[in-house]
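# Take this sequence and fold it.
(chains A, B, C and D)
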Amino acid sequence: MAHKTEVVAMLLAGGQGSRLGVLTKNIAKPAVPYGGNYRIIDFPLSNCVNSGIYTVGVLTQYQPLELNDYLGNGQPWDLDRQNGGIHVLSPYEAIGGAEWYKGTANAIYQNINFIEKYDPEYVVILSGDHIYKMNYAKMVDFHKKNNADCTIAVLEVPWEEASRFGILATNDNDEIYEFAEKPKEPKSNKASMGVYVFSWDKLKKYLIQDENTEGSANDFGKNIIPQMLESGERMFAFPFKGYWKDVGTIDSLWEANLDIINPNVDLDLSDKSWRIYSRTTMSPPHYIGKNAVVENSSISEGCEIEGNVDYSVISSNVVIEDGADVKYSVIMPGAVIKKGAKVYYSIIAEDAVIEEDAKIGEIPELLENPENWGIPVIGANAVITKGKYIEPGVMVKSGEEV
Amino acid sequence: MAHKTEVVAMLLAGGQGSRLGVLTKNIAKPAVPYGGNYRIIDFPLSNCVNSGIYTVGVLTQYQPLELNDYLGNGQPWDLDRQNGGIHVLSPYEAIGGAEWYKGTANAIYQNINFIEKYDPEYVVILSGDHIYKMNYAKMVDFHKKNNADCTIAVLEVPWEEASRFGILATNDNDEIYEFAEKPKEPKSNKASMGVYVFSWDKLKKYLIQDENTEGSANDFGKNIIPQMLESGERMFAFPFKGYWKDVGTIDSLWEANLDIINPNVDLDLSDKSWRIYSRTTMSPPHYIGKNAVVENSSISEGCEIEGNVDYSVISSNVVIEDGADVKYSVIMPGAVIKKGAKVYYSIIAEDAVIEEDAKIGEIPELLENPENWGIPVIGANAVITKGKYIEPGVMVKSGEEV
Amino acid sequence: MNGKRVLGIIFANIHEEALDSLTAMRTMGSVPFCSRFRLIDFPLSNMVDSGITKIGVVTNANFQSLMDHVGTGKPWDLSRKNDGLYLLPPFSIGSATMWGNRIDAIYGNMNFLRQSNQTYVLMSDCNHILSTDYGKLFDAHEESGADITILGVKGKMPKNIGSVLTFDTVDENGRITEMSLDKKTDEDVFYSCNIMIMKKYLLETLVTTAHSKNEISYQRNIIMSNIKNLKIHAYDATDSFVGTIDSIQSYYDTSMSLLEKENRNKLFKTPISTKERDDMPTIYGPDSSLKNSLVADGCIIEGAVENCIIFKGVKIGKGAVVKNSILMQDTTVNENSKVNCVIADKNVNIKDGVELSGTKTFPVCLTKNTRV
Amino acid sequence: MNGKRVLGIIFANIHEEALDSLTAMRTMGSVPFCSRFRLIDFPLSNMVDSGITKIGVVTNANFQSLMDHVGTGKPWDLSRKNDGLYLLPPFSIGSATMWGNRIDAIYGNMNFLRQSNQTYVLMSDCNHILSTDYGKLFDAHEESGADITILGVKGKMPKNIGSVLTFDTVDENGRITEMSLDKKTDEDVFYSCNIMIMKKYLLETLVTTAHSKNEISYQRNIIMSNIKNLKIHAYDATDSFVGTIDSIQSYYDTSMSLLEKENRNKLFKTPISTKERDDMPTIYGPDSSLKNSLVADGCIIEGAVENCIIFKGVKIGKGAVVKNSILMQDTTVNENSKVNCVIADKNVNIKDGVELSGTKTFPVCLTKNTRV
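From the prediction side, this is the model:
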């Protein structure tokens, strides 16, 4: 069952993602729909498989049902394996009581036994809230070549934004000599992407040490990385180029969605050599009706479009009726936009229903007070009644009828 | 993914099984090896699959790693499915905090959402500590025919033992009118086997009601069943005939193991129409050496037998060296019995090593004081050093060297 | 009746000759249909939905694309340790050669039948696209006590296929008392979709007998000649969507009929599973214009499309106008070309500015990989 | 070199004629071996262990038992969405007929080769039972810069097989500078196991050229004739267990050699996967006596057994004595019969009191389902 495996990936999917508000009321953040056909977790999972990493532990303790259900036996990602494959790891009770995951490092610590079964050389630590395509195998090669103990993927960010990130200062050969979390005066513009490769024996040592340190937050960024740096371990920064977006906020999630239809953005989802896998809904093709006007948009299978769609991402099985108008919006699977309804600069979550002539959001230029602008979010299964207006920035809870 | 499914099975695998002592130190009871090729959980799982029930939730919060690893993607039981299949359900954190499973009923209560995904008519509740072959489909048919709300499988036990069981009093048409847990004066000898069929809408109602009842133990036997009886629901006893054994104690586990080689016991594991599936170890055939004497025993693949084996169950990949003597014992996978060692009336757990000339247990007739008799248990990975004698009834902890 | 008691048999090759170039390098079962499916998806999904767990797919030559498509059977949850999906090509056992006819094919797979522990067998071809609840067919078969129950629909007699049975007289119990083969008529008839259920041992007996007598017509020698001896019942599935593919023309018409919402609702009432290929959503460019069309994932549409069935990965360039056409996987229509009433097979490339036009009663067919 | 970069090709039918009745109704690859395996398990497991993720199994006729055995590929973790196990029978595409020879077979599957995105191809037959770390072969191939690397072992020349290459001179770098085909000698030779690795494009080129010239001998026309043009290296696997099955006799001898612990330790150093059938453990009765034998699960042994290879589900009755024999799946030896030096295929039944005896150099063969 558990053959020796060179690389094991551990995906931290546990965060409640409270900044995503109503979208994560009932589902874990990595299970939030993205880009019409995907959920956020499809990206790190597909990256793993495309990188030849077939053993993935998904760490979660918050609302795992939908995530479990989505991941199922792993078949859509080719992770239904006899050896390795995908394993959802929730906290469990050991003799002497049980503990929830305290921090990111503690989550891995609690699953040391899982990792040890595969006797890996390297462990890749990933998080479940970024959209990017990355070959982890190249990063592992870089790690090996440098004979490193820890390698952190970094992205060059604009200097003026650097103080919002974890910033790594490196010397000429990419070796890290300083790590600063959100520094006021950043020494470099190399931001940590939260993607780590560790030599397992080293990581294990620091995890155990950290667990026994009174008062530690048991967090990779706050504890493990600084401690390893302090102890003089070989730590390198792996430079990444390409599209990378944190989707931890409503605004960034909305923006990242519209990026898939933005020809100026470097995110190619049609690349056959690096497919992004997802669980599909077995729907028929989408239908575009006789009076529909669809432009600059993405539409997924199972939709029935009779209205107008402009610069929007329409996920699978969405219905947009005659005369409805959708602009600059993200419509998640199964939502229904009825006749004459208007949806502008909004996120409509799964299976929400916008009744006839309701209006969600506004075009920014038409707002009287542009200060009040914001993306309205309609939670899953919510119903916006006929003619109702939901103002920009408002969140409607899942299942609510407004 | 989750198509409508008529019957969903929920397997209560959570018990720590403390009566099994060192055997369950590191593994959940259902994962304890049994009968050479199996683990306890193979029986309810194979029963499910052979009964046409392909959606099984396994509820566990205690040491799930080995169990998870054993179950894997469910392939050995033909439960690697796109729809349904096997799902290990550990407690999780919801908004407002997390809770461990309080009792058997609470464990199901916490997984109502899981069950509802399949929109079942009937839910079968099973436990993970019995060895038996049973067609649950026939029990569901019986339940349907009686238009029952709850059906409990019962076994007729000898009257003198009835007070050790949960006893059901029934009228002529098998309808239950009384349930008594370990009654001093049993009204019948029909003992509950801990196998229930519920109509899901009814069970759901009682689970919610019970959860809101202050002071309830949230247990099927103590709360749900009595409450349903009291409320006058239609409850029937489904008569079962055949081999059924609780393996919750060391003695009963030992006995149940030796039952597979006892020609007088009605437990046919070679029946091709009701196979018991298990995850195998991909071993070569077993080898019986030139000087070995093997009688009245079962031997699994991967073993190398050079010594004497009498009336014992030898699991896969066990080594029994020249001159070693094994009688009336259960040797679990991977154990090694070295030259000249003697193992009598014992359970030797996985990968334990009995060094040369050590002696475990004794033949009861040879004991000076038969009162002191008991099955000695050598825990997993324990090492019994050369020449050491382990007395009857002694337990050696996992990993210990004695 | 529980579907677990029924063995499914799908004939993947029957009537290929009717589809001409579409089946030149593939079986009937692997002909692409409705933007993202293949014909075999329909009988497979219907069978699995009704609880059937073991399905044999009988195929003759050219089964590579079929093998690629059904693969391990996972999309239909037929990748199983016990039962599941079995491809039954010729030459797989010593006695089996190419199948000459249906009796041959069944006889050649007699071992497969015998080794299956199901009581009943349900047989289907791939050229009737329908979505129906076989569970009801099983129940009807069991309740009526029929020996054989054949699913049929009422409508115009299919053309271009040999051996179509019509149920000319059906008594009040549903028993067929008169039938014809290849009736010449323009009136509505009650005709067989060649989907039938019977006990497995009955099929074994009938086929073994017919084979020993060197009989070659399943319809004539097994069904028609037993009309008196056996209770052969009709099951009316006219309320389901039924599309019979008996020619390029009917392939075209059946495809186009799915632009009607009512037809789609019937056909996709229960999900039809197929092999997925993980395309991104379809992207519509700034000047695209789509009307009354079905489109799968993975397309990039920058031109104008009307009344079309568009498969995965199709690209339509700026200024191109495509009407009344079926474009299969990965076909590209380059800028400013005009396409009307065309069926383009997989990976066709229509160059810049090319104009291609058939008519609705004579669609132009472009074979796989054509460069025009 | 990472195994993901290597495409595996297994020829399941090669040399079947050597095994007589054992391959009458099955491919060489599906011949049962060592109590619980089939010959194809060894190349499959070796390939998967070395990281190979895509394997094509080329087969001619009689592939039903092979198809049943390899099934969806799950036991080898080859049931995958991308890559995995591909059965390559004849008649699956328009141009493919029965394969006449190895060049034919490779040429007929050229599309499979072309559509695979691996850089290298590793080819193996099924008649060399060996357990070796192909990873080391890949590394040797990469480091030496060879065009082709062929795995060979040193030992007696195999008999009864056509087209055995010997490496007569190998230079200090491992390059073969002289080789012979079907050398007649009783001395130890360094002979090819027909397991070889090369770049995929090289195989495509060599086979396309040979096919266009109507050449039919892979060994002669592709390997030997290129000894000067290409750097063909030898990889010595003599330290692995190697059993060459070239006749019933060598099948018998190779099987029996696994009664030696040292040979088992070599062959099963890494786990060999096979299709499981979920038997119970083997039960030994009160008067059974077993000596120096290999036994799979699911047997019931009540008699005496010595120097035997016993497959799954074998039953040996009271008083029966079985020596020096190979009993395949579900064979029954009834009470008081005496069996010596016999190879019984699957499901043979030896009746009460029957005596059957061959010699170690002339084992008696009983075909599948024989009742004696």
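
# Break down chain A into its helices, ranges please.
Under the criterion DSSP state H, helices of chain A are mapped to A:42-50, A:64-71, A:104-109, A:112-117, A:136-145, A:200-211, A:225-230, A:250-259.

# could I get those helices as CSV with mean pLDDT?
Below are these laid out as CSV (pLDDT from 0 to 100):
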stretch, mean pLDDT
helix A:42-50, 95
helix A:64-71, 80
helix A:104-109, 90
helix A:112-117, 91
helix A:136-145, 96
helix A:200-211, 95
helix A:225-230, 94
helix A:250-259, 94
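
# As JSON lines, the ones you listed with distance to chain C and mean neighbour count would be great.
Bear in mind the C-beta positions are built from the backbone N, C-alpha and C, glycine included. Conversion of the helices of chain A to JSON lines gives the following (distance: least, Cβ to the nearest Cβ, whole Å; neighbours: other Cβ atoms under 10 Å in any protein chain shown):
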{"stretch": "helix A:42-50", "distance to chain C": "9", "mean neighbour count": "24"}
{"stretch": "helix A:64-71", "distance to chain C": "15", "mean neighbour count": "21"}
{"stretch": "helix A:104-109", "distance to chain C": "29", "mean neighbour count": "24"}
{"stretch": "helix A:112-117", "distance to chain C": "24", "mean neighbour count": "17"}
{"stretch": "helix A:136-145", "distance to chain C": "19", "mean neighbour count": "18"}
{"stretch": "helix A:200-211", "distance to chain C": "31", "mean neighbour count": "18"}
{"stretch": "helix A:225-230", "distance to chain C": "35", "mean neighbour count": "18"}
{"stretch": "helix A:250-259", "distance to chain C": "11", "mean neighbour count": "20"}
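
# How about the stretch 251-400 of chain A: which residue is closest to chain B?
Per Cβ to the nearest Cβ, A:R279 is where the stretch 251-400 of chain A lies closest to chain B, at 7.1 Å.

# Then chain C?
Counting by Cβ to the nearest Cβ, chain C gets nearest chain B through C:K81, at 4.1 Å.

# which residues does that residue contact?
The contact partners of C:K81, taken as Cβ atoms under 8 Å, 6 or more residues apart in numbering or on different chains, are B:75-76, B:78, B:277, D:74.

# That one: what secondary structure?
Of the three states, C:K81 takes coil under DSSP: H, G, I helix; E, B strand; the rest coil.

# And it, how far from A:H3?
21 Å (Cβ to Cβ, to the nearest Å).

# Find me the pLDDT at the residue of chain C closest to chain B, would you?
pLDDT for C:K81: 84.

# quick one: it from A:H130, how far?
38 Å.

# quick one: contacts for residue 207?
Here I'm looking at chain A. A:105, A:108-109, A:112, A:224.

# hmm, I had chain C in mind actually
Neighbours of C:V207 in contact, by Cβ under 8 Å, 6+ apart: C:103, C:106-107, C:110, C:222.

# can you check A:D119 too?
Counting by Cβ under 8 Å, 6+ apart, A:D119 has contacts A:4-5.

# Tell me which residue in the stretch 301-402 of chain A sits closest to chain C.
Closest point on the stretch 301-402 of chain A to chain C, by Cβ to the nearest Cβ, is A:E301, at 5.4 Å.

# so what's that residue closest to, chain neighbours aside?
Beyond its immediate neighbours in the sequence, the residue positioned closest to A:E301 (Cβ to Cβ, 6 or more residues apart in numbering or on different chains) is A:S283, lying 4.5 Å away.

# thought that neighbour was touching C:T274?
No: counting by Cβ atoms under 8 Å, A:S283 does not reach C:T274; the two are 10.6 Å apart.

# And those two? Which one has more around it.
C:T274 (22 against 19; other Cβ atoms under 10 Å in any protein chain shown).

# what's the closest non-adjacent residue to the more buried one?
C:D41 (4.6 Å).

# Please enumerate the strands of the stretch 1-150 of chain A.
Per DSSP state E, counting those that start in this stretch, the stretch 1-150 of chain A carries strands over the ranges A:7-12, A:33-34, A:38-39, A:55-59, A:85-89, A:93-94, A:97-98, A:122-127, A:130-132, A:150-156.

# Name the spans of the stretch 51-200 of chain C whose pLDDT lies under the cut-off.
Scanning the stretch 51-200 of chain C for pLDDT under 70 picks out C:92-98.

# quick one: the strands in it?
Using DSSP E, counting those that start in this stretch, strands in the stretch 51-200 of chain C cover C:54-58, C:84-88, C:120-125, C:128-130, C:148-156, C:165-170, C:176-181, C:188-199.

# To D:S250, which of the ones you listed lies closest?
strand C:84-88 (33.6 Å; Cβ to Cβ).

# who are the neighbours in contact with C:E355?
C:337-339.

# got a winner among these for most neighbours?
Result: C:V339 is most packed of the contacts of C:E355 (other Cβ under 10 Å), 28 neighbours.

# Kindly report the residues of the stretch 151-300 of chain C close to chain A.
C:259, C:261, C:264, C:267-268, C:271-274, C:276, C:278-298, C:300 (Cβ under 8 Å from any Cβ of the partner chain).

# What residues does chain C have near chain B?
Residues of chain C lying near chain B (Cβ under 8 Å from any Cβ): C:2, C:4, C:74-75, C:77, C:79-82.

# do that again at 10 Å, thanks
Counting by Cβ under 10 Å from any Cβ of the partner chain, chain C comes close to chain B at C:2-4, C:48-49, C:51, C:53, C:74-84, C:117, C:270-271, C:273.

# repeat for the stretch 101-250 of chain A
A:101, A:111, A:113-114, A:117.

# mind listing what residue 50 touches?
Assuming you mean chain A. For A:N50, the contacting residues are A:77-78, A:133-137, A:271, A:273-277, D:82, by Cβ atoms under 10 Å, 6 or more residues apart in numbering or on different chains.

# actually it's chain C I care about, not the one you picked
Contacts of C:S50 (Cβ under 10 Å, 6+ apart): C:1-3, C:6, C:8, C:122, C:132-138, C:270.

# I'd like to know how far A:N291 sits from A:M139.
50 Å.

# measure A:I375 to A:S252 for me?
Taking Cβ to Cβ, one finds A:I375 at 10 Å from A:S252.

# Leaving out chain neighbours, which residue sits closest to A:V56?
Once flanking residues are discounted, A:V56 sits nearest to A:A9: 4.7 Å by Cβ to Cβ, 6+ apart.

# Kindly report the same for C:V295.
C:I310 (4.4 Å).

# With A:F165 instead?
A:A191 (3.5 Å).

# Then A:E175?
Counting by Cβ to Cβ, 6+ apart, the residue nearest A:E175 is A:F236, at 5.7 Å.
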